[in-house]
Each structure stands twice: as structure tokens, then as C-alpha cells.
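Student: take this sequence and fold it.
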Amino acid sequence: MTVDDVLRAYWSAIDAADWAAVADLLHDDFSGRYPATGEHFDKAGFVRLNAEYPGRWRAEVVDVVASGGRVVTHTRVSDGHESHVVASFASVDAGRIAELVEIWAEEGLAPPADRRPVPGQ
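Tutor: Reported below is the predicted structural model:
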């Protein structure tokens, strides 16, 4: 399995809410991080966070870039009401995700008007 296959399998397992498959794709020494909230997770904590998160979320991989043991995915995640875009940066070791950093952003927000050029000026 290539590194991009590993991340595609991870998102497929998230999409299927198959938490055992997610756990199988994570290295025993897994380290997960959400920089926007400052959260850090070990393997068990990361699986638990996803398994216990409220609602039924679906995931669709939009793009994958891989080089060596590193892979980045751009994914859309939605529960049918809320939608997010996710950038996942992963290191893969022996076919399992050793390190994962995810940046989540709500999709469909209007750009802040005070931070954009005024048309025609």
C-alpha cells in the first residue's frame, strides 16, 4: 500500500464510521494534532474522539499529494448541515499513520469584508 493509499483508506474508514479500521491504520506510537485548538492525541484518544463525535459525518477526498513517507490530503467533511474542509498532513511508517496534523475550517463562510479590497478602488 502506498502512502497515499494509506490516507485514502483512513478517510474511507472515517466516512464509513469504521473505528476499528481507523485504529488499524494508526501506528502504535501515533501522534495526532489539531493546531487550531492546540489538541494533541495518542492513538486511543484520537479514535475515541472520532467515534464519540456527535452526528454522522461523511468524508470525500478531493486531492492527495504524496512524496516519500509524507502525504497531504484535502478532504470535505459534512454531516449534511455543516461542512468543513480539512488539510491533513501525515507521516506514514510501515503502512500506518505515525503522525497526523489536521487543519479544519468551516466551509462556505463569507470572507470578512474589512479584510478584502473594495471593488473599483
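
Student: could you give the average pLDDT over stretch 76-86?
Tutor: For stretch 76-86, mean pLDDT rounds to 96.

Student: quick check: the closest residue to L25 other than its chain neighbours vs A90, distance?
Tutor: Closest residue to L25 apart from its sequence neighbours, by C-beta to C-beta, 6 or more residues apart in numbering: Y10 at 5.0 Å. Backbone N, C-alpha and C define where each C-beta goes, glycine included. Remark: distance between Y10 and A90 (C-beta to C-beta, to the nearest Å) = 8 Å.

Student: got any residues that touch both of the two?
Tutor: Residues touching both Y10 and A90 (C-beta atoms under 8 Å, 6 or more residues apart in numbering) are I97.

Student: the more surrounded of these two?
Tutor: A count of neighbours by other C-beta atoms under 10 Å puts Y10 above the other of Y10 and A90, at 26 against 22.
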